[in-house]
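quick one: sequence and predicted model below, then my questions.
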Amino acid sequence: MNKLQAMRVFVRVVEVGSFTGAVRQFNTTTGYASRAISNLEAHLRVRLLNRTTRRIAPTEAGVRYLQRCKQILAYVDQAEAEASGAEVHLTGKLRVHAINSFGQHYLVPIVHRYQQRHPDVHIDLTLAQRAPDLLGEGYDVALALMQSLPDSNLVWQRLGSEFSIACASPGYLKRNGVPKAPSDLKRHTCLQTVTPVSPADQWLFDGPNGRETFSHGAASFRVNVTETAAIAASEGMGIGLIPVHSAINDLRSGKLVWIMPEYTSQTLNLYALYPSHQYLDAKVRAWVELLRDELPATLAADQLELPRYARTAPSTDLLLPSWVPEGVIAGVPREPSSNC
């Protein structure tokens, strides 16, 4: 049995849903295709396809085998192209998962650049708050923000880190004053964002005195999407603890300002997760390489831009977080004290 050819037949049968449609590509007969898959099943001692008179569908084992076949065949095609000096032409579907607001802010521009380079790759981007089951749900790559990686068999690339900052609207601060430190927040309205990585009813700050905890109790407004929390803060509803990627556009427009700029919160690492180094599909490898080339610099640029949007209480010196290089804050205007 030519195992690679049988694998190609199996993949094509599943993709088109019939033996008849599959054999056109291989210029052979339905009998040959049926025997190729039967030989695979006998070799593996497992059923790969459920066959009826109306349809063909992979079994649970067939779905797992299909994913591996695609990876192996793509790896073989890439190796042959490299050996012959030909340029690898990427095709097919790339399934990517990421957190809602992060994906909207950072990934869509990268998707555009990827498809300019590889126009025959169709990207299926899913944005959600939960972490996916990569193998079970068939994703090729997931972008995850977390403090540390759980034990798993997944391969990962660290692409940088991000943190949250306390933000409020200029109007809210004019009415209620500007807090200097986490202990001042008890006199303010706090907006709670409920996510898998957010501690319940607590904000954890890292600042000049080390780690400080503020318990805001029953918040007046709770939401599970960080960009919605940013909108609530920009509407003057209170102070939000918001990731940089969700706050940066409203900071640029002046709808939000960064308060307590010597404090940051909830620093998380950004990881690209994918199933395996071995037989890695060329389109997955190209996507991960593009993420590695672009995301770290983009994250760092947004973070270095933050000091220009800082707002401090009157007569309070601006203490910069350790990640801000000397001189970055030069020329940042102070708001007049009458606005506080």
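Received it, and whenever you're ready, just let me know what you need. Residues are numbered from 1 along each chain as shown.

element containing residue 246, please.
Using DSSP states H and E, residue 246 sits within helix 244-253.

with residue 125 instead?
Secondary structure assigned from DSSP H and E places residue 125 in strand 121-127.

what comes into contact with that strand?
90-100, 103-104, 107-108, 111, 114-115, 132, 139, 283 (CB atoms under 8 Å, 6 or more residues apart in numbering). Where C-beta positions appear, they are placed from N, C-alpha and C, glycine not excepted.

now residue 5: which helix or strand?
For residue 5, the enclosing helix or strand under DSSP H and E is helix 3-16.

that helix: which residues count as buried?
The neighbour-count check on helix 3-16 (16 or more other CB atoms under 10 Å) flags 6, 7, 8, 9, 10, 11, 12, 13, 14 as buried.

now that helix: mean pLDDT?
Helix 3-16 shows a mean pLDDT of 89.

ok, residue 141 touching residue 287?
Yes: Residue 141 is in contact with residue 287 according to CB atoms under 8 Å; the separation is 6.0 Å.

quick one: which of the two has more around it?
Taking neighbours as other CB atoms under 10 Å, residue 141 and residue 287 compare with residue 287 leading, 24 against 20.

and that one, how far from residue 264?
As for residue 287, its distance to residue 264 is 30 Å (criterion: CB to CB, to the nearest Å).

re earlier: helices and strands around the helix or strand following the helix holding residue 246, which ones?
Tracing the chain past helix 244-253, the next element assigned as helix or strand by DSSP H and E is strand 257-259. Secondary-structure packing of strand 257-259 (3 or more CB pairs under 8 Å, 6 or more residues apart in numbering; DSSP states H and E): strand 155-168, helix 170-176, helix 244-253, strand 310-311.

which non-adjacent residue is nearest residue 220?
If the residues on either side of it in the chain are set aside, residue 220 comes closest to residue 189, at 5.5 Å by CB to CB, 6 or more residues apart in numbering.

so who does the one you found touch?
172, 176, 220, 237, 238, 239.

buried subset of the residues you listed?
Among the contacts of residue 189, those buried by neighbour count (16+ other CB under 10 Å) are 172, 176, 237, 238, 239.
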